[in-house]
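Chemist: Show me how the following folds:
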Amino acid sequence: MKLFRNGVLILSALVLFFSFGCQTASTMHTQTVPDAAYRAALARTETDLTQLPTPGSAEEAAMLQPMMALFEQYTEANLRENIQKVYAESVYFRDAFKQLSTAAEIEEYMVAGMAPIEGAEFVFNNVLRKGIDFYFDWTMRLDFKKTPKGTWEESIGMSRMRFNAEGQVIFHQDYWDPTDIVYKRIPIVRQLIAYVKRKL
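Modeler: Numbers count the residues shown, from 1 in each chain. Take a look at the predicted model:
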């Protein structure tokens, strides 16, 4: 039995390798490696503080409101109507799965991500600001179509954002672990994750 289980795990690892791992290190997507694109985006989005509202002001709250409303009302209709208003045409966006550079790409990506979802919402727990950087501590809630309706799954994460003088997002870096809420839904990946966790 142990031999069979080890064989399954090895097979799983091989499937993952050939499915995801055959990319070179330079082309494989990373979420948190501070690579050249990330550093370039930070340099490119350095903004004069005088272009942004005063911290804690009503103007600052008004600047943040459209972005927060976009995620708090996470529906296909709302995404299609507002993503290209909330995000600048040219933007740096990176999450656990993609790195994108235009608002149109973000719209296509987020709308496509709604396909397996019955419902989704984000709850913003804390918003912190340091200079031109805004940090959003959030809880994501997802109701998958393959589970009984109303079976919400939750995951916590953090986003770092920068805004231009027009109040649009020009930099969006997510810090979020998809293993517990997304990857575990793929049987082979779930087995491999469980195996690795047991070995740690």
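
Chemist: How about the contacts made by residue 80?
Modeler: With contact set as CB atoms under 8 Å, 6 or more residues apart in numbering, residue 80 has these partners: 107, 111. Bear in mind the C-beta positions are built from the backbone N, C-alpha and C, glycine included.

Chemist: For stretch 108-120, which residues meet the burial criterion?
Modeler: Judged by neighbour count (16 or more other CB atoms under 10 Å), stretch 108-120 contains these buried residues: 109-110, 113, 118, 120.

Chemist: I'd like to know which of the residues you listed is nearest to residue 98.
Modeler: residue 109 (5.7 Å; CB to CB).

Chemist: how about the nearest residue to the closest one, chain neighbours excluded?
Modeler: residue 98 (5.7 Å; CB to CB, 6 or more residues apart in numbering).

Chemist: Residue 157 versus the one you found, what's the distance?
Modeler: Between residue 98 and residue 157 the computed distance is 15 Å (CB to CB, to the nearest Å).

Chemist: Please apply the same query to residue 33.
Modeler: 17 Å.

Chemist: do the same with residue 72
Modeler: Applying CB to CB to residue 72 and residue 157 gives a distance of 15 Å.

Chemist: Would you mind giving both backbone torsions of residue 176?
Modeler: Dihedral pair for residue 176: phi -160, psi 140, per degrees, to the nearest 10.

Chemist: ok, and the closest non-adjacent residue to it?
Modeler: residue 157 (3.4 Å).

Chemist: so residue 31 touches residue 38, yeah?
Modeler: No. The criterion here is CB atoms under 8 Å, and residue 31 misses it with residue 38 at 10.3 Å.

Chemist: which residues do the two both contact?
Modeler: What both residue 31 and residue 38 touch, as defined by CB under 8 Å, 6+ apart, is the set residue 94.

Chemist: The longest strand along the chain: partners in the sheet, and parallel or antiparallel?
Modeler: Looking across the chain with DSSP state E, the single longest strand is strand 117-130. Strand 117-130 has the following strand partners under DSSP bridges: strand 133-144 (antiparallel).

Chemist: Can you convert the buried residues of stretch 108-120 into a markdown table and add a column each for pLDDT?
Modeler: A markdown table is the format used below for these (pLDDT from 0 to 100):
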| residue | pLDDT |
| --- | --- |
| 109 | 97 |
| 110 | 97 |
| 113 | 93 |
| 118 | 94 |
| 120 | 94 |
